[in-house]
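Student: whatever this is, show me its structure:
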Amino acid sequence: MIVSTESINNIHWRNMHQICFPCDIKYDIIGRFEHIEDDSNYILRLVGSDIRFPKSTGTHFTNSSHRAKIKQGYAKIPRSDMKSIYRKYKLDFLLFGYEQEIP
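Tutor: Here you go, the predicted model:
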């Protein structure tokens, strides 16, 4: 797997446990990207807001929680790369309750 210095320094690719410190901070809510609309609307209701999170209009497989779309999207990535990605983010998978299955 090729990893550039730029991607290593990009906060979007860092492990979540290194950014959010879930073992050090007692969070009231932990939202998940695949439920961003529902989670955001829940928080907005909690704070008494009339605002609603905009509905997703994306059709890219990463905007979906549909297993078939996800499998199709990752189908061309070599299994060895998928295993490397899992190893890199293993603690995040465990801490945030994501499945360990590699598509």
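
Student: and the residue nearest to residue 99 when sequence neighbours are not counted, how many neighbours does it have?
Tutor: Leaving out its chain neighbours, the residue that sits closest to residue 99 by C-beta to C-beta, 6 or more residues apart in numbering is residue 93, at 7.7 Å. (Each C-beta comes from the backbone N, C-alpha and C, glycine too.) Applying other C-beta atoms under 10 Å, we find 14 other residues in the vicinity of residue 93.

Student: i'd like the first residue to be 45 from this point on
Tutor: That works, and once the first residue is 45, the last one we named lands at residue 137.

Student: name the SS class of residue 137, please.
Tutor: With DSSP: H, G, I helix; E, B strand; the rest coil as the basis, the three-state label of residue 137 is helix.

Student: for it, what are its contacts?
Tutor: Applying C-beta atoms under 8 Å, 6 or more residues apart in numbering to residue 137 gives the contacts 130, 143-144.

Student: now tabulate the residues you listed in TSV and tack on distance to residue 65 and secondary structure.
Tutor: Output for the contacts of residue 137, formatted as TSV (distance: C-beta to C-beta, whole Å; DSSP: H, G, I helix; E, B strand; the rest coil):
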residue	distance to residue 65	secondary structure
130	22	helix
143	24	coil
144	23	coil
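
Student: neighbour-wise, which of those residues leads?
Tutor: In terms of neighbours by other C-beta under 10 Å, these top out with residue 130 at 15 neighbours.
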